[in-house]
Every structure is written in structure tokens, then in C-alpha cells.
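S.K.: give me coordinates for this.
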Amino acid sequence: MRIGTGYDSHRFDAGRPLILGGIQIPAHPGLAGHSDGDAIAHAIIDAVLGAAALGNVGSHFPPNEEEWKGADSMQLLTQAIEILSNSGYVVGNIDVTVICESPRIAPHADAMVESISRATSISMDRVSIKGKSNEGMGWIGSGEGLAVQAVAMIEPAQG
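M.R.: Sure, this is the predicted structure:
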């Protein structure tokens, strides 16, 4: 088994919808970014690719390439899983922590788990999403944006 970690952070952007874990969160500013800004998907991509020493989200989907402008990050995650599979690995589990003052993550966590499960082709009981406050400290605490940490375990594919 191999383990990888991923991290992503974005500032809020009132001109965009908020997409996290492939789910649109209503009535909240979105995240700035070249793609749709889905920091959960980006952190997971870094975790699974990192576990296999296959680079990161930026090396496979460069933010300076027009092809990825506005891209659906769940499709990027699906492509990252294909890259992982082509290297002989499958995802064992994914654990994600979203660090923010708002929005509240818990009401959306089940839908996010389902979306990530679909994109990664692993069962929902192998995906965990949770939110944590930064207790009002720093740029996250002041509401400027959010950060995501992800951990993924991968293992050789069977047969």
C-alpha cells in the first residue's frame, strides 16, 4: 500500500458558483481558480497521484493551458484515476478535511461522498468528508477563502 497527501486552497470569488466535491453549494461565493475551483477535487487528485509518485494536478492539468479553463474538476479527478489505473494502482480510501468558517460542510458531505465515489469508482464507505473551523484565525478565519487537506491510500490492482 502507498499513501499520498494533497492540499489546495482558494480565495472566495463572489462572481462564481461554489463547487466542492462536485456539488454546487447554493447562496455562497465560489472559489477563484482556472478550472471550476473545486478545492476538494484538486486535493484528492494531488493525494492519489502523489501516492503513486505520478506528479500533481498542475503537472497533468496545467493552469496556464486554455484547455483546462473552467474545467469540471470531477472530470479531472476521473482522468487522474485513469492515470493511476494505467500505472497499476487502485484507490483504497480517501479522507478529506475542508477547513473553513463557511459554508458548513456537514449538510453537503453525503452528496460530496457520493460524487467522489462515482468519480473515483470506489464505494462510498471508502470516502470521508468532514469540515473544520479555523476558529476565526488567519485568512481562513476571516472568511477570505478555504483550504482542503486530503489523504489517499492506494494499492496495486488485483490481477
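S.K.: helix or strand for R104, which one?
M.R.: R104 belongs to no helix or strand when elements are defined using DSSP states H and E.
S.K.: mind listing what the closest residue to it other than its chain neighbours touches?
M.R.: Spatial nearest neighbour of R104, excluding adjacent residues (CB to CB, 6 or more residues apart in numbering): G131 at 6.5 Å. Just so you know, the C-beta spots here come from the backbone N, C-alpha and C atoms, and that holds for glycine as well. Contact analysis of G131 by CB atoms under 8 Å, 6 or more residues apart in numbering lists 97-100, 104-106, 109.
S.K.: among the residues you listed, the buried ones, what's the ChimeraX command?
M.R.: Remark: buried members of the contacts of G131, expressed as a ChimeraX selection using 16 or more other CB atoms under 10 Å:
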select :97,98,99,100,105,109
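S.K.: the contacts of G131 into TSV, with extra columns for secondary structure and pLDDT?
M.R.: Listed next are these as TSV, based on DSSP: H, G, I helix; E, B strand; the rest coil; pLDDT from 0 to 100:
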residue	secondary structure	pLDDT
T97	strand	98
V98	strand	98
I99	strand	98
C100	coil	97
R104	coil	95
I105	coil	97
A106	helix	97
A109	helix	98
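S.K.: tabulate the contacts of G131 (CSV), appending distance to Y89.
M.R.: Formatted as CSV, these follow (distance: CB to CB, whole Å):
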residue, distance to Y89
T97, 23
V98, 25
I99, 28
C100, 31
R104, 34
I105, 28
A106, 31
A109, 26
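S.K.: of the contacts of G131, which is the nearest to I23?
M.R.: Of all these, the one with the least separation from I23 (CB to CB) is A109, at 9.4 Å.
S.K.: residue contacts, the closest one?
M.R.: 129-131 are the contacts of A109 under CB under 8 Å, 6+ apart.
S.K.: related to what we said a few turns ago, give me phi/psi at the residue nearest to R104?
M.R.: phi -110, psi 150 (degrees, to the nearest 10).
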